[in-house]
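A.B. asks: no sequence on hand, only this structure:
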């Protein structure tokens, strides 16, 4: 297996390099979509014989703690490792899970939290980024969120320095169709919705207000990523050319989201005239909704209404809606985490499906997570190992992110 040096003296395999982007890559997919194209009616949400009831509060608390106990088995001196080497991304995610425990962090976990936070703060370079990071936006963003979750004044200067680094990653070159978004930080060509979600989440965690220009500029990118023809303006092309096929692509009109303008990892539907209509998919639509909320766009806004309508029409926890075939469950736990954060941040307690059902998403998500937790306290994507969700540490961290949003 090929290996690459990450600049920290840590040798990482190509599989690990992919892992560093797994925070968002799990949101993507290459499969076909169930979502119709331009002007089509969205499919009804998956039928449920009787909507699941929320598990008892004690059950949820025990489930969360069992997940934490599993994660703690994999740490040493407050650091989580991959292939025997300390990993900043994993450590940041797991420390955040410990800090975000409903009811507060456990006293017994404090030494691990303290050591983990010190490791994360020390991982940042002079410019505020994670030193030697393969995907600096993702890794720096999760470090900011972990340090911010601690609420400790001693990390304020570190958070501010890191936030300044993330802030300057926003693409503002006028000719770029992904203007206003944020990319990997190591790619100077484009932004994408998943990178943008993590960046904006970290900036809000750092205390940057929703009316700051960084969020308002991001709205241009968000609107271009949404399958909503009302978002189109005369300043951008309505058709884009797919680099792989040379086919003309246009956005759909169902309210869901793509990965970036002109690109949906769920693919496209071909119209009779040969033009491809981009398909929406679940994980990116939740990311879109969350980003709109970061920018202060409320539920009464047409852009948000369209995204919520797509989510309600495509409601399912069985797979990542919009993806089918072997890829339909790809990024499932990433989707759960993004779903919980997006719906709670948007202020939604229920979703109205086209069939008239009122979905208590917290109850159904909590029931799903409790039912799929393994005996050792972990979670794993048993339907798809793609984007590293076959790794129980990553899947468990995502699951705990989601579970925290269901506990009232």
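C.D. replies: Here it is on my side, so go on. Only a predicted model underlies this, so the values are computations on that prediction, with no experimental measurement involved.
A.B. asks: what is the burial count for the residue lying closest to residue 241 once chain neighbours are set aside?
C.D. replies: The shortest distance from residue 241 to any non-neighbouring residue, by C-beta to C-beta, 6 or more residues apart in numbering, is to residue 248 (6.3 Å). C-beta here means a position set from N, CA and C on the backbone, and glycine is covered the same way. When counting by other C-beta atoms under 10 Å, one arrives at 17 neighbours for residue 248.
A.B. asks: OK, contacts around residue 248?
C.D. replies: By C-beta atoms under 8 Å, 6 or more residues apart in numbering, the contact set of residue 248 is 239-242, 274-276.
A.B. asks: most neighbours, which of those?
C.D. replies: Highest neighbour count within the contacts of residue 248, by other C-beta under 10 Å: residue 276, with 22 neighbours.
A.B. asks: which parts of the stretch 1-150 of the chain are strands?
C.D. replies: Along the stretch 1-150 of the chain, the segments classed as strands by DSSP state E, counting those that start in this stretch run 3-5, 11-13, 75-76, 79-82, 85-86.
A.B. asks: note down every partner strand of the last one and its orientation.
C.D. replies: Right, the one you point to is strand 85-86. Strand 85-86 pairs in its sheet with strand 79-82 (antiparallel), by DSSP bridges.
A.B. asks: how about the partner strand: buried residues?
C.D. replies: Neighbour counts over strand 79-82 (16 or more other C-beta atoms under 10 Å) mark 79-80, 82 as buried.
A.B. asks: how many residues are close by the closest residue to residue 346 other than its chain neighbours?
C.D. replies: Of all residues not flanking residue 346 in the chain, residue 293 sits nearest, at 5.0 Å (C-beta to C-beta, 6+ apart). By other C-beta under 10 Å, 23 other residues sit near residue 293.
A.B. asks: start the count at 25 instead of 1 going forward.
C.D. replies: From this message on, residue numbering opens at 25, which makes the last subject residue 317.
A.B. asks: nearest to residue 289 among the contacts of residue 272?
C.D. replies: residue 266 (12.4 Å; C-beta to C-beta).
A.B. asks: so the closest one is in contact with residue 299, correct?
C.D. replies: No - applying C-beta atoms under 8 Å as the test, residue 266 and residue 299 come out as separate, 10.5 Å apart.
A.B. asks: what sits in contact with each of those two?
C.D. replies: By C-beta under 8 Å, 6+ apart, residue 266 and residue 299 have these common neighbours: 272-273.
A.B. asks: contact partners for residue 426?
C.D. replies: Going by C-beta under 8 Å, 6+ apart, residue 426 touches 357, 360-361, 363-364, 389, 393.
A.B. asks: measure it to residue 86 for me?
C.D. replies: According to C-beta to C-beta, to the nearest Å, residue 426 and residue 86 sit 16 Å apart.
A.B. asks: middle-most residue in this structure, spatially?
C.D. replies: Taking C-alpha atoms, centre = their mean, the centroid of the chain lies closest to residue 362, which sits 4.8 Å from it.
A.B. asks: look at it and report its pLDDT.
C.D. replies: What the model reports for residue 362 is a pLDDT of 98.
A.B. asks: related to what we said a few turns ago, just the contacts of residue 272 now: which is nearest residue 158?
C.D. replies: For the contacts of residue 272, with residue 158 as the reference and C-beta to C-beta as the criterion, the closest is residue 266, at 27.0 Å.
A.B. asks: okay, now the unreliable bits of the protein?
C.D. replies: Along the chain, the parts satisfying pLDDT under 70 run over 25-73.
A.B. asks: now render the buried residues of strand 103-106 as JSON lines, adding distance to residue 114.
C.D. replies: What follows is the buried residues of strand 103-106, written out as JSON lines (distance: C-beta to C-beta, whole Å):
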{"residue": "103", "distance to residue 114": "9"}
{"residue": "104", "distance to residue 114": "4"}
{"residue": "106", "distance to residue 114": "6"}
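A.B. asks: pretty sure residue 139 sits against residue 102.
C.D. replies: Yes - Residue 139 is in contact with residue 102 according to C-beta under 8 Å; the separation is 2.7 Å.
A.B. asks: before we move on, the earlier item: show me the contacts for the residue nearest to residue 370.
C.D. replies: Neighbours of residue 317 in contact, by C-beta under 8 Å, 6+ apart: 328, 366, 369-370.
A.B. asks: that one sits in which helix or strand?
C.D. replies: Using DSSP states H and E, residue 317 maps to helix 306-318.
A.B. asks: next secondary structure after that helix?
C.D. replies: helix 326-337.
A.B. asks: quick one, helices of the stretch 125-274 of the chain?
C.D. replies: Along the stretch 125-274 of the chain, counting by DSSP state H, counting those that start in this stretch, helices occupy 134-146, 160-174, 180-191, 217-229, 237-249.
A.B. asks: buried residues, the shortest one. List them.
C.D. replies: Looking back up the chat, that one is helix 180-191. Buried residues in helix 180-191 (16+ other C-beta under 10 Å): 182-183, 185-187, 189-191.
A.B. asks: which one of these is nearest residue 220?
C.D. replies: Using C-beta to C-beta, residue 190 is the member of the buried residues of helix 180-191 that lies nearest residue 220, at 10.6 Å.
A.B. asks: go ahead and confirm the closest one touches residue 163.
C.D. replies: No - the criterion here is C-beta under 8 Å, and residue 190 misses it with residue 163 at 10.7 Å.
A.B. asks: coming back round to it: so how far is residue 348 from the residue nearest to residue 370?
C.D. replies: Relative to residue 348, and taking C-beta to C-beta, residue 317 is found at 29 Å.
A.B. asks: residues near the closest residue in space to residue 103 that isn't next to it in sequence, how many?
C.D. replies: In space, and not counting its chain neighbours, residue 103 is closest to residue 110: 4.2 Å by C-beta to C-beta, 6+ apart. Neighbour count for residue 110, taken as other C-beta under 10 Å: 18.
A.B. asks: mind listing the residues bridging to residue 110?
C.D. replies: Per DSSP bridges, the residues bridged to residue 110 are residue 105.
A.B. asks: state the distance from it to residue 339.
C.D. replies: Applying C-beta to C-beta to residue 110 and residue 339 gives a distance of 39 Å.
A.B. asks: neighbours around residue 338, how many?
C.D. replies: Burial of residue 338 is recorded as 27 neighbouring residues (other C-beta under 10 Å).
A.B. asks: I'd like the contacts of residue 272 as a markdown table, with distance to residue 228 appended.
C.D. replies: Listed next are the contacts of residue 272 as a markdown table, based on distance: C-beta to C-beta, whole Å:
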| residue | distance to residue 228 |
| --- | --- |
| 263 | 34 |
| 264 | 30 |
| 265 | 35 |
| 266 | 34 |
| 298 | 42 |
| 299 | 38 |
| 300 | 35 |
